[in-house]
Every structure is written in structure tokens, then in C-alpha cells.
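**Student:** Here is a sequence with its predicted model. Questions after.
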Amino acid sequence: MDTGMQNLRDLFQQLGLKHDDVNMRIFIATHHVPKGVPIAEAAFWTQSQSDFLRDSLEEDAEWAEAVDLLATMITAK
């Protein structure tokens, strides 16, 4: 099992999203999840992205911290 920590840029790349600084900032600024809604249930993910996010959190996988960080950044205040 790989226990290396993944960062936000790696997560964007894993999700098939543009992962340069500008595009990451644009994504974060334009995609929001209502408070109380799990990140994996956001309407803008594909099924495979949603599954990956859900599995990462449920299994406390190496991606869990990056997924938590992204969730914090895009959850509506």
C-alpha cells in the first residue's frame, strides 16, 4: 500500500482536471458544494470522479487529506 501524501495539484490531476495554478483557482472559485452535502455528491462530478472521491474518504486512502482540503475550499460558507 502506498502511504505517500497526495497534494491538491495531484488530486486535480487524478480527477482528470486541469491542474495548473490558474485553472485550479478558477475551479475552486466557480464550483461550490452546499454546506452539509458531501463533496462526492456535488452535481458537477462525473460518476467516476464521484466514486473516487467517496472511496478515498471512506477508505481513508492516501487521497483523503487532499479530498478533505478541496471539500473545505469549495463548501459554501
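**Tutor:** Here it is on my side, so go on.

**Student:** ok, and the closest non-adjacent residue to the residue nearest the centre of the chain?
**Tutor:** With distances taken as C-alpha atoms, centre = their mean, residue 67 lies nearest the centre of the chain, 4.2 Å away. Leaving aside its sequence neighbours, residue 67 sits nearest to residue 56 (C-beta to C-beta, 6 or more residues apart in numbering; 5.0 Å). The way it works is simple: take the backbone N, C-alpha and C, and place the C-beta from them, glycine included.

**Student:** CA atoms only for the one helix or strand residue 69 maps to - export them in PDB, please.
**Tutor:** According to DSSP states H and E, residue 69 maps onto helix 64-74. Provided in PDB are the C-alpha atoms of helix 64-74 (Å, rounded to 0.1, in the frame of the first residue of the first chain):
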ATOM      1  CA  ALA A  64      -8.300  11.600   1.800                       C
ATOM      2  CA  GLU A  65      -6.400  14.600   3.100                       C
ATOM      3  CA  ALA A  66      -6.300  16.300  -0.300                       C
ATOM      4  CA  VAL A  67     -10.100  15.500  -0.800                       C
ATOM      5  CA  ASP A  68     -10.800  17.000   2.600                       C
ATOM      6  CA  LEU A  69      -8.800  20.100   1.700                       C
ATOM      7  CA  LEU A  70     -10.700  20.500  -1.600                       C
ATOM      8  CA  ALA A  71     -14.000  19.900   0.200                       C
ATOM      9  CA  THR A  72     -13.200  22.700   2.700                       C
ATOM     10  CA  MET A  73     -12.300  25.100  -0.200                       C
ATOM     11  CA  ILE A  74     -15.400  24.600  -2.200                       C
END
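
**Student:** how about the residue nearest to the centre of the chain, what does it touch?
**Tutor:** Going by C-beta atoms under 8 Å, 6 or more residues apart in numbering, residue 67 touches 11, 39, 53, 56-57.

**Student:** Out of those, which comes closest to residue 74?
**Tutor:** residue 39 (7.2 Å; C-beta to C-beta).

**Student:** State the distance from that closest one to residue 14.
**Tutor:** Residue 39 is 14 Å from residue 14, where distance means C-beta to C-beta, to the nearest Å.

**Student:** what do you get for residue 30?
**Tutor:** Distance from residue 30 to residue 14, by C-beta to C-beta: 20 Å.
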